[in-house]
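1. here is the input, now give the coordinates:
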Amino acid sequence: MSEVAPDRPNGGPSVRTIAAVPTLSDLGQLPKRLVLGRPVRSDRAGESLLPKHLALPIFASDPLSSVAYATQEILIFLTLAGTSFLFLTPWLAALVVVLLAVVVLSYRQVVHAYPSGGGDYEVAMKNHGQFAGLVVASALLVDYVLTVAVSVSSGTDNIISAFPELAEHRVAIAVGLVGLLVAVNLRGVRESGKTFAIPTYAFIACILVMIGTGLIRELFTDGDVVAESAGYAIQPEPGYEQVTGLALIFFVLRAFASGCTALTGVEAIANGVPAFRPPKSRNAATTLALMGGIAATMFAGVTAMALLADVKYVENACDLVGFPCEDQPQRTVIAQVAAATFGGADSLGFYLVQAATALVLILAANTAFNGFPLLGSVLAQDRFMPRQLHTRGDKLVYSNGILLLAGFAILLLVVFDADSTKLIQMYIVGVFTSFSIGQWGMVRHWNRELRTETEPAARGRMQRSRVINAVGGTLTSVVLLIVVVTKFAGGAWIVIAAMPVIFLLMRAINRHYSHVASQLVPDSDARTKPSKVHAVVLVSKVHKPTLRALAFARATRPDVLTALTVNVDDADTRALQQDWERYDIPLPLTVLESPFREITRPVLDFVKDIRRSSPRELVVVFVPQYVVGHWWENLLHNQSALRLRTRLQFLPGVMITSVPWQLESSLGQEGGNGGGPAPGDLRRGLTSEAEQTPYG
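-> Predicted structure coming up:
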């Protein structure tokens with residue numbers, strides 16, 4: 001940095017450069033900088049906008065990664081009845097693909113109509129009102145937390161499939177992975193996009209190569225693709241030996257509902273439109289189409305390969321007749337397909353698929369780490385969430401939202417032992433709630449637009465969009481009903497119970513902010529000057545902090561100045577009075593009696609008496625305070641001052657002025673001058689007068 005020195009005798013100012021000296025506070029920031037990197041200026045926010053090739057791995061990693069467990073979830077429920085109903089798998093998968101296509105088309109209408117990033121929340125708020133908007137918000141917030149928990153736990157499953165000996169460390173691995181995701185996301189959107197791009201594209205490539213290789217081997221060569229579980233029989237669960245009538249319908253619908261996990265995360269692109277490069281809506285819509293096509297292709301391919309390889313996957317591994325369930329965990333469906341395709345669980349292809357799958361499942365949580373903070377920011381701006389969620393951190397990301405999401409996700413992982421099967425039972429209730437309300441909100445949006453639009457071409461586009469959203473709303477509403485009915489007892493009730501709690505919490509936060517805003521509206525009383533100012537300086541001893549506080553109070557030229565102490569010990573009070581006279585302080589010392597040795601209560605009563613006798617009088621209380629350099633020193637000082645300030649702030653017409661006195665341990669800390677002479681050093685005898693002079 002540079003500064004201008006006083007004019008030289010021969011005229012003209014001189015400029016000299018002063019090297020910035022690292023302070024202790026800079027060193028304290030070192031761990032943060034190692035994790036987050038250098039802070040980013042606010043005026044560089046535009047540089048964080050994403051091109052399509054980075055937006056795809058950031059916002060679409062969740063629906064793409066669901067390929068790893070969507071087929072598996074269908075098989076889990078169909079195999080509850082043995083192998084009798086596995087023939088339904090392709091039909092259920094086809095329904096899921098159709099539903100995915102409809103939802104993608106529906107959200108393409110959303111990103112064009114509402115490009116501000118509110119997604120279903122904004123659609124519901126503008127077309128259904130506040131109640132529906134908060135229902136959607138509560139559903140999405142819960143779903144984002146579950147997205148992290150499910151993705152990370154499923155990724156952990158695939159790691160354990162490759163290395164079974166890690167099974168006993170499941171929870172620790174999952175929690176550690178969430179911590180890693182937090183660190184990556186706190187570095188910024190663009191940097192996390194680069195981090196996630198390679199694993200996501202590697203996963204897509206591995207799965208497509210696996211599907212292609214498997215189909216070629218199965219259809220055009222003699223090398224049949226056979227899963228390691230193909231030879232096992234399945235023991236039906238008690239009560240599922242004979243499934244007929246309504247029970248069969250419920251059974252099939254439950255399997256379909258589990259397969260619908262393939263749709264999770266589709267809405268994230270609609271919520272993240274502001275993060276795209278211009279033209280934002282068009283790029284977001286293109287990314288949606290790419291995501292839908294890739295996800296549908298991979299899901300259909302994995303399902304086909306699981307059927308061709310005769311994969312058996314059950315909820316309880318011991319239901320596989322002959323499987324040594326006590327000795328080793330059951331491999332995931334995608335692991336079995338990879339092993340069958342590439343020649344065994346010790347092949348290079350198997351490990352590549354497992355590594356890519358585990359990585360993308362873990363990184364799929366990034367969809368939530370982008371969507372949750374963005375939604376939290378929108379809610380905070382609308383005063384339904386704490387304002388801190390609208391604050392950007394050093395890297396221009398919503399750091400508080402990222403940390404809040406991680407905290408709740410870790411809690412779920414610990415409570416449910418990072419078990420993906422348990423967590424998935426709570427999944428997709430929230431996402432299909434937002435799907436349904438959002439799509440019907442879009443139908444209302446197009447109805448409103450059509451009432452004012454007269455151009456035939458524009459009306460035609462709106463009518464097509466309305467049909468797409470109406471079909472999407474119908475299908476997602478039906479699926480929501482199926483999910484709630486079939487998964488309620490399995491864990492969906494937790495989400496259904498949590499959503500109203502979050503809803504009521506947001507309403508309460510909004511009421512608080514509205515109430516505070518109404519109290520802060522300027523009126524005539526706020527402009528009225530006090531009749532006079534009464535300054536009160538709190539005195540404990542006659543020392544430098546007290547004398548500085550008295551000097552500062554006199555500098556404000558109050559109408560009345562009172563030096564005030566509280567008598568909690570007669571000997572100490574007499575010594576204080578003697579010092580007061582010895583230093584010839586030109587101000588009487590007022591002593592308050594305290595028979596119960598309290599300090600705070602007598603001061604409060606004194607200030608209240610002033611206000612009671614003259615309500616228009618302003619009371620300014622000067623509180624001397626030590627500034628210390630170590631956290632433990634705060635425990636030894638300033639406790640009485642802290643209690644006094646805390647109680648005084650609740651009294652109307654009272655101002656509290658802290659008068660700091662820097663102790664030696666505070667030198668070089670934040671607020672210092674980089675290790676040079678500090679204010680007061682000359683008085684303390686810590687530096688010479690020449691050193692204190694700026695230009696000596």
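2. would you list every one of the strands in the stretch 551-696 of the chain?
-> Secondary structure of the stretch 551-696 of the chain (DSSP state E, counting those that start in this stretch): strands located at 560-567, 589-593, 618-627, 654-662.
3. to T200, which of these lies closest?
-> Minimum separation from T200 across these (CB to CB) falls at strand 618-627, 50.3 Å. Backbone N, C-alpha and C define where each C-beta goes, glycine included.
4. tell me the strands beside that closest one, with direction?
-> Strand 618-627 sits in its sheet next to strand 533-538 (parallel), strand 654-662 (parallel), going by DSSP bridges.
5. could you identify which of these is most buried?
-> Highest mean neighbour count among those (mean count of other CB atoms under 10 Å): strand 533-538, with a mean of 22.
6. identify the residues contacting that one?
-> Counting contacts by CB atoms under 8 Å, 6 or more residues apart in numbering, the residues outside strand 533-538 that touch it are 546, 549-550, 553, 556, 558-565, 603, 606-607, 610, 614, 617-624, 641, 644.
7. and the angle for it with strand 589-593?
-> In this structure, strand 533-538 runs at an angle of 70 degrees to strand 589-593, with axes from the mean of the first three to the mean of the last three CA atoms, to 10 degrees as the basis.
8. could you give the angle of strand 533-538 to strand 560-567?
-> Our comparison of strand 533-538 with strand 560-567, counting by the same axes, to 10 degrees, yields an angle of 30 degrees.
9. one step back: and the strands of the stretch 551-696 of the chain as CSV, adding mean pLDDT and distance to G376?
-> CSV is the format used below for those (pLDDT from 0 to 100; distance: least, CB to CB, whole Å):
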stretch, mean pLDDT, distance to G376
strand 560-567, 90, 47
strand 589-593, 89, 49
strand 618-627, 87, 35
strand 654-662, 86, 33
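10. most packed of those strands?
-> Most buried of the strands of the stretch 551-696 of the chain, by mean neighbour count (mean count of other CB under 10 Å): strand 618-627, with a mean of 21.
11. between the strands paired with strand 618-627, which one is nearest to A149?
-> Ranking the strands paired with strand 618-627 by distance to A149, with CB to CB as the measure, places strand 654-662 first at 44.8 Å.
12. contact partners of the closest one?
-> Strand 654-662 has contacts (CB under 8 Å, 6+ apart) with 544-545, 548-549, 552, 607, 611, 618-627, 641, 645, 648-649, 678-680.
13. swap the cut-off to 7 Å and go again
-> Contacts with strand 654-662, where a contact means CB atoms under 7 Å, 6 or more residues apart in numbering, come from 544-545, 548-549, 552, 607, 618-627, 645, 648-649, 678, 680.
14. ok, stretch 465-472 next?
-> Stretch 465-472 has contacts (CB under 7 Å, 6+ apart) with V102, V103, L105, S106, Q109, Q439, M442, V443, W446.
15. so the fourth one is in contact with W440, correct?
-> In this case it means S106. No - the pair formed by S106 and W440 falls short of the contact definition of CB atoms under 7 Å, at 10.6 Å.
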